[in-house]
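Any chance you can model this:
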Amino acid sequence: MRLILDTNILVSAFVFKSETANIVVRHAAKKHTLFFSESTFKELKSTLLKPKFSSFVELQTIRNFILNLVRIGEFIEPTEKIIVCRDPRDNKFLELALAGNADCIVTGDKDLLVLNPFRGIKIISPGDFLIQF
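Residues are numbered from 1 along each chain as shown. Okay, here's the model as predicted:
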């Protein structure tokens, strides 16, 4: 399966140690293909490197996590500009999903979840992902 994991899922798993998000990330990394774009990865890195998270996770651990994602993920650059999400910052995940011919976007973001399905791409919560896959 071709997957997009929203930044909130990766941060929940890595920083806040959410059990559900951790299971999703581990399962996705082992069994499926994860896609990133320059834009989605930049958002993830800038979020993880925010000073407010430094008390949760050491900088070197964050760097190792980012490097691991680079190794296991595939990078694709979207070619189509999408402007449909009520939060314009989330359109990049839809663009990536289309460019990567993704089967699913896993997110906790209600601005994306309300669009399910988007052009045949499922947009589901982590809990629904675990139930379905």
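
tell me the phi and psi of the most far-flung residue of the chain relative to its centre?
Distance from the C-alpha centroid of the chain, by C-alpha atoms, centre = their mean, peaks at Ser55 (22.7 Å). The phi/psi pair for Ser55 (degrees, to the nearest 10) reads phi -80, psi -10.

For Ala21, see how far away it is.
Ser55 sits 19 Å away from Ala21, going by C-beta to C-beta, to the nearest Å. No exception for glycine: its C-beta is placed from N, CA and C like everyone else's.

now Lys42
Distance, Lys42 to Ala21, by C-beta to C-beta: 20 Å.

pLDDT score assigned to Leu59?
Predicted confidence (pLDDT) for Leu59: 89.

okay, now the spatially closest residue to it that is not a sequence neighbour: neighbour count?
Closest residue to Leu59 apart from its sequence neighbours, by C-beta to C-beta, 6 or more residues apart in numbering: Leu49 at 7.8 Å. Neighbours of Leu49 under the rule other C-beta atoms under 10 Å: 13.

what's the burial count for His27?
Counted by other C-beta under 10 Å, the residues lying close to His27 total 14.

for the helix or strand containing it, packing partners?
For His27, the host element (DSSP states H and E) is helix 19-31. Helices and strands touching helix 19-31, by 3 or more C-beta pairs under 8 Å, 6 or more residues apart in numbering; DSSP states H and E, are strand 2-5, helix 7-14, helix 126-132.

Out of these, flag the one nearest Thr33.
Of all the helices and strands packed on helix 19-31, strand 2-5 sits nearest to Thr33, with 5.0 Å by C-beta to C-beta.

Okay, now the sheet partners of the closest one, with direction.
Partners of strand 2-5 in the sheet, by DSSP bridges, are strand 33-36 (parallel), strand 104-106 (parallel).
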